[in-house]
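# Sequence first, predicted model second:
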Amino acid sequence: MVEEPLIFPVDLHIERILNKPITSNCFVLHKHNGSECLIIDPGSDDNSILLGYLEKEKLSPTTIVLTHEHFDHIWGVIGLSKLFTFELICNQNCANSIVNPKKNLSLFHNQVGFAILNQVTTVEMLSHKFNWSGKQFYFIHTPGHSEGSISIRLDNMLFCGDLLIQGEKTITKLPGGSVLKFKDTFNKLKTECSPDTLIYSGHGESFLLENYYMYKEI
């Protein structure tokens, strides 16, 4: 079966950059003729690829949003904060975890770990919505993979971190994860989002919500 092509916004460019050493997704959002950008989940210990893209496009990040607290989605904040001034946004549970190498799981990756000590603006402080460059972003608490997980809805797009990954069973066994919460969250998203919502996940390619599948049912 041939799938229909994904429809991308015409007034906004979305660049996917693979984080490393864990190949999670980082997204850079910017207007085609603008110099400001919003970054979702910069998770590299070495930001060279991301910085190369920002330099090529002459972009400066004004906002960074974290979908959840795990180290492979937040690591790049450390290096970026030495070069740029930006607002860091996540939910309160995530904010409580990124300052702790055990809770952000970085300690278990390399036995050294790190903490993100930037001042954080929580989605609760923003009443779960945020205006950036004339675009209205809505933040949805979407627990299941972790308690600090949020999804970011923009028009007919949803950036959901590790909540939904095409063809993969959602990981719920890490601290704060829950199969029951995942099921509740997924049912809520199916109710609130249209089937043709474009899902930008934390790993892998983008897909339409109606085409989402797992290799194994949870």
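The structure has been received and is ready for your questions. Because the structure is a prediction, the values reported are computed rather than measured. Numbers count the residues shown, from 1 in each chain.
# For the rest of this, base every contact and every neighbour count on C-alpha atoms.
Noted.
# At the geometric centre of this structure, which residue do we find?
The centre of the chain sits closest to Thr67, judged by Cα atoms, centre = their mean, with a distance of 3.8 Å.
# residue contacts, it?
Remark: with contacts taken as Cα atoms under 8 Å, 6 or more residues apart in numbering, Thr67 is in contact with 40-41, 73, 90, 148-152, 159-161.
# can you rerun that using 7 Å?
41, 90, 149-151, 160-161 (Cα atoms under 7 Å, 6 or more residues apart in numbering).
# ok, now Phe207?
198-199.
# in the sheet, who's paired with it?
Phe207 has the following beta-bridge partners by DSSP bridges: Ile199.
# what about Gly161, how many neighbours?
When neighbours are defined as other Cα atoms under 10 Å, Gly161 has 28 of them.
# And for Phe130, nearest residue in space, chain neighbours not counted?
With Cα to Cα, 6 or more residues apart in numbering as the criterion, Phe130 has its nearest non-adjacent residue at 5.0 Å, and that residue is Phe137.
# just checking, which of the contacts of Thr67 belong to strands?
The strands, defined by DSSP state E, take in 90, 150-151, 160-161 from the contacts of Thr67.
# per-residue pLDDT, the residue lying closest to Thr197 once chain neighbours are set aside?
Once flanking residues are discounted, Thr197 sits nearest to Asn156: 5.1 Å by Cα to Cα, 6+ apart. pLDDT, Asn156: 96.
# my read: Asn156 touches Pro195, true?
No - Asn156 is beyond contact range of Pro195, at 9.7 Å (criterion: Cα atoms under 7 Å).
# For the helix or strand hosting Pro61, name the packing helices and strands.
Per DSSP states H and E, Pro61 falls inside strand 60-65. If contacts are counted by 3 or more Cα pairs under 7 Å, 6 or more residues apart in numbering; DSSP states H and E, strand 60-65 sits against strand 36-40, strand 87-90.
# Quick one: residues in contact with it.
35-41, 54, 84-90.
# wait, which of the ones in strands among the contacts of Thr67 is closest to Tyr213?
Distance ranking of these against Tyr213, using Cα to Cα, places Cys160 first at 15.0 Å.
# How much space separates that closest one from Asp41?
Computed as Cα to Cα, to the nearest Å, the Cys160 to Asp41 distance reads 10 Å.
# same thing with Leu50?
Taken as Cα to Cα, the span from Leu50 to Asp41 is 11 Å.
# Those two - which one has more neighbours?
Asp41 (29 against 23).
# Please enumerate the strands of this structure.
13-18, 25-30, 36-40, 60-65, 87-90, 120-122, 129-132, 135-141, 150-154, 157-161, 198-201, 207-208.
# circling back: OK, contacts around the residue nearest to Phe130?
Listed by Cα under 7 Å, 6+ apart, the contact set of Phe137 reads 129-131, 152-154.
# the longest helix in the chain is where?
Among the elements of the chain assigned as helix by DSSP state H, the one spanning the most residues is helix 179-192.
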